[in-house]
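S.K.: Here is my input, please return the structure:
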Amino acid sequence: MPVLNERAYLEHAVASVLTQAVGAPSELVLALGPSTDGTTELAERLAAADDRIRLVRNPAAHIPVGLNAAIRASRYPTVVRVDAHSELSPGYAARAIGTLERTGAANVGGVMHAEGRTPFQKAVARLYNSPVGLGGGAYHGSTQEGEAESAYLGVMRREVLDEIGLFDESVRRGEDWELNLRIRQAGHRVWFDPGLSVTYWPRESWLRLARQFRATGAWRGELVRRFGRRNGIRYFAPPALVLLVLLAIVVGILQISGVLTGPLSVVASLVAYLPLALYVLLVLGVASAPRGGGLRQRLWTLIVLPTMHLSWGVGFLGGVLRGARDTVDASRLGTRNTPLP
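M.R.: A predicted model of the protein is given here:
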């Protein structure tokens, strides 16, 4: 479990791990980044109270660096990746290990089920669980078991990780997708089991969400630079939306200035404005759909959905054009979370 500024979530995440019954010796290795909110002190108290918890340091704070440090420090043949912003469902580990044995896969993952507390977080969670929000990856709600492109978190065979070389520490976001690509290229299988479920708690504020999605988009753009069309087509939808917005702005300026007139102006309007009008209708439809929550949650949906798409798209275009370089997820830095009830 890589950990950075997760004081509000760490204790619940750790408890969900330690209550897993796997019928074999187990341990929880926490890779501690340089937190500023008391997370490290909390982790040390938890480790002092339970000898199954082991601590390693991750001064770089990068997720793949912390994951590799924790994996190298671990002692058992099955590696269960967990997240400090998540909680495993009861029986998760035992079922995942059983699925590994049943399918012969190298990595098994399940459904990421987002939950929220505030109207804002509930709006984000609803969009995480919807194909409209994050593009319909299997782990966002599919019910069909089978081979998959990637796996959320993942329960992995240590021998396969050693074979392919662990996580690529030069990939700061999307490191799981890149790892699973190498697993599949090495002739192994990645498996999706819808019976596995992990509760995920999204970011708690608009700014943190926008920062997270911009960084994720930038690294997906970097992965497109490295691996081209081996990235799924759904990753290209948000940058297409950004380009449509830019096109609409340019067309509007040309029309207002009188440069664009007549039939050409009509055609340009159809090309630039019609797709955006349809997108606005989509956002309104999602916000007003049944089970959309109370008024505040629905209003936040109107803001959150474009924020997710546009932030991700802007990051993606930057990542494709110049590479992700040193882009980090700034939403994980300097947090002031309040503990979960």
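S.K.: what's the spacing between Leu295 and Ala287?
M.R.: Separation of Leu295 from Ala287 (Cβ to Cβ, to the nearest Å): 10 Å. Any C-beta I mention is one placed from the backbone N, CA and C, and that applies to glycine too.
S.K.: more neighbours, these two?
M.R.: Ala287 (20 against 9; other Cβ atoms under 10 Å).
S.K.: Model confidence for that one, exactly?
M.R.: In this model, Ala287 is scored at 96, pLDDT.
S.K.: isn't it right next to Gly294, touching?
M.R.: No: in this structure, Ala287 is not within contact of Gly294 by Cβ atoms under 8 Å, at 11.8 Å.
S.K.: Identify the contacts common to the two.
M.R.: Residues touching both Ala287 and Gly294 (Cβ atoms under 8 Å, 6 or more residues apart in numbering): there are none.
S.K.: Which helix or which strand is home to Ser265?
M.R.: Counting by DSSP states H and E, the element that carries Ser265 is helix 262-288.
S.K.: For that helix, buried residues please.
M.R.: Ala268, Ala272, Pro275, Tyr279, Val283, Val286, Ala287 (16 or more other Cβ atoms under 10 Å).
S.K.: any chance of those residues in a markdown table, plus distance to Gly133?
M.R.: Shown next, in a markdown table, are those (distance: Cβ to Cβ, whole Å):
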| residue | distance to Gly133 |
| --- | --- |
| Ala268 | 30 |
| Ala272 | 25 |
| Pro275 | 19 |
| Tyr279 | 13 |
| Val283 | 11 |
| Val286 | 8 |
| Ala287 | 12 |
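S.K.: which among the residues you listed gets closest to Leu28?
M.R.: Val286 (37.6 Å; Cβ to Cβ).
S.K.: residue ranges of the strands in the stretch 151-300 of the chain, please?
M.R.: 155-157, 190-200 (DSSP state E, counting those that start in this stretch).
S.K.: Quick one, which of these gets closest to Leu88.
M.R.: strand 190-200 (5.8 Å).
S.K.: list the helices and strands that closest one packs on?
M.R.: On a contact count with 3 or more Cβ pairs under 8 Å, 6 or more residues apart in numbering; DSSP states H and E, strand 190-200 meets strand 86-88, helix 92-103, strand 107-114, strand 146-147, helix 175-185.
S.K.: could the ones you listed go into TSV alongside mean neighbour count, mean pLDDT and distance to Pro34?
M.R.: Below are the helices and strands packed on strand 190-200 laid out as TSV (neighbours: other Cβ atoms under 10 Å; pLDDT from 0 to 100; distance: least, Cβ to Cβ, whole Å):
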stretch	mean neighbour count	mean pLDDT	distance to Pro34
strand 86-88	23	94	21
helix 92-103	18	96	29
strand 107-114	24	94	27
strand 146-147	12	94	38
helix 175-185	20	95	19
